[in-house]
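Chemist: Let's see this in three dimensions:
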Amino acid sequence: MKLPKESLCGLIQKLGIQNNDVVMVHNKRGKFLAGVVTTDRMRENVICVHKGAWIKYAKLSKNMNKTWKIASSIFSERCLMCHTLPKSTKFTANQWPPTLKVMAKRAALDKKQTDLVSEFLQYHAKGIAK
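Modeler: Numbers count the residues shown, from 1 in each chain. Next up is the predicted model:
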């Protein structure tokens, strides 16, 4: 998709995206979640990503419902051992990682499980447009 000849900040505003929202960035190389910070210091139709990695599309699950079901199951089983299960919409996508960092240790989640649950919670967090 070719972006119109207008500033990216203007386009972001038209799409209803605001500072601190989390969006899915994707192209033919892969996709990732990113936090949004708007600025007029960038050139038109350009985004800047300070860190991250492209994942080969073939390695991504074709059926995210299956992936989310696994993540939801881990989240439910481990969290319910100590307290009632919070809704994924309790926090924003930016609030979940530090919360999960503390809870993952208590729930004995390994890195792979923590990453999967974190991605699930961020994707289903408060304020994320689907």
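Chemist: residue ranges for the strands of this structure, please.
Modeler: Applying DSSP state E to the chain gives strands spanning 22-27, 30-35.
Chemist: Show me what the last one is packed against.
Modeler: Using 3 or more CB pairs under 8 Å, 6 or more residues apart in numbering; DSSP states H and E as the contact criterion, the elements in contact with strand 30-35 are strand 22-27, helix 111-123. (C-beta placed from N, C-alpha, C; glycine too.)
Chemist: Now that strand: average pLDDT?
Modeler: Regarding strand 30-35, the rounded mean pLDDT is 72.
Chemist: For K90, which non-adjacent residue is spatially closest?
Modeler: K126 (7.0 Å; CB to CB, 6 or more residues apart in numbering).
Chemist: Next: H26.
Modeler: H26 sits nearest to F32 (CB to CB, 6+ apart), 7.9 Å away.
Chemist: Tell me the confidence at K59?
Modeler: K59 carries a pLDDT value of 48.
Chemist: burial count for W96?
Modeler: When neighbours are defined as other CB atoms under 10 Å, W96 has 25 of them.
Chemist: who's in contact with it?
Modeler: W96 sits next to 118, 121-122, 125 when contact means CB atoms under 8 Å, 6 or more residues apart in numbering.
Chemist: residues touching A125, list them.
Modeler: 22, 88-89, 91-93, 95-96 are the contacts of A125 under CB under 8 Å, 6+ apart.
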